[in-house]
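Novice: Sequence first, predicted model second:
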Amino acid sequence: MGKWWRTQWKQIRGNAKYEAARTVLIWFYIKMGASVVATLASLVTFLFGHREVSLLIGIPAAFWLLQITLAFAAPKKLNLRCIPHGTNSSILCLEVQNKGEDAEITATIRVVSRSYGGAVDTRPYIGKWTLLSYKKKWDDYRPDPTASKVALPSGTHRLLEIARQDSEDGRGNEISEAKLVGSDEFLRWDFESKVDSKLPTFRLDIEFRGEGIPKTISKLYDVGPVAACGPLGMTEVFV
């Protein structure tokens, strides 16, 4: 058997068809993997007229090709890591890191409840992604460019704006307000309050969706001031 293989190798080596096929096979090996190489090797062997070898290689090659097809046909999945950022800033953001495949991401946010007052608007709204690569400071009042959908290549991150904190003078008392970005809902509290346990909070349901990816990721957060003077913070809730 070994002698037969050596004979065939001598017959085709140096042939122009062989060199062309070799170039294509090397490129596909780098791009697509050994399974496609095995399939193309079976085709090249068949073109040279060695039908017995074609059958010998073609059966496992077809099986490997089926595995590749199933892998490509499998639905893509989101794999996101979320990290809140609010320290030293009037804007509360959620850093979203993509640990999976490239995707275009949207975030739908819904207010589940508020810790005080009457009913709140629980209709979902589209989250706003900042297009800046840095976090703004308290004294930076320039408006942020935002988008409702962002491209999130694998290994990269974006900032989803959650809420902004402002202060105003209300009848002799300084009142702080936190407004949800993309919604008309807000929190208000006494800036000089000494009892942090009385500080208000929202409970938000954030759903991340990737374009062309059927399964979404949902997370619950409690959002509100960390202290009476700020900043805003958010804590993930597991239920």
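Specialist: Received, thanks.

Novice: residue ranges with poor pLDDT in this protein?
Specialist: Counting by pLDDT under 70, the chain contains low-confidence ranges at 1-75, 131-145, 167-173, 193-197.

Novice: quick one, domains of it?
Specialist: Partitioning the chain according to automatic domain parsing yields domains covering residues 2-73, 80-237.

Novice: what's the span of the longest one, first residue to last?
Specialist: Looking at domain 80-237, the gap from its leading to its trailing residue is 16 Å under the measure CA to CA, to the nearest Å.

Novice: which ones are touching residue 81?
Specialist: 96, 97, 99 (CB atoms under 8 Å, 6 or more residues apart in numbering). Yep, even glycine has a C-beta here, placed from its N, CA and C like the rest.

Novice: Could you find the closest non-adjacent residue to the last one?
Specialist: Distances taken as CB to CB, 6 or more residues apart in numbering put residue 79 closest to residue 99, at 4.3 Å, once the chain neighbours are dropped.

Novice: Please tell me how far that neighbour sits from residue 201.
Specialist: Using CB to CB, to the nearest Å, residue 79 is found at 29 Å from residue 201.

Novice: Could you check which of these two is surrounded by more residues?
Specialist: Per other CB atoms under 10 Å, whichever of residue 79 and residue 201 has more neighbours is residue 201, with 19 against 14.

Novice: Leaving out sequence neighbours, find the closest residue to that one.
Specialist: Closest to residue 201 by CB to CB, 6+ apart is residue 224, at 3.5 Å.
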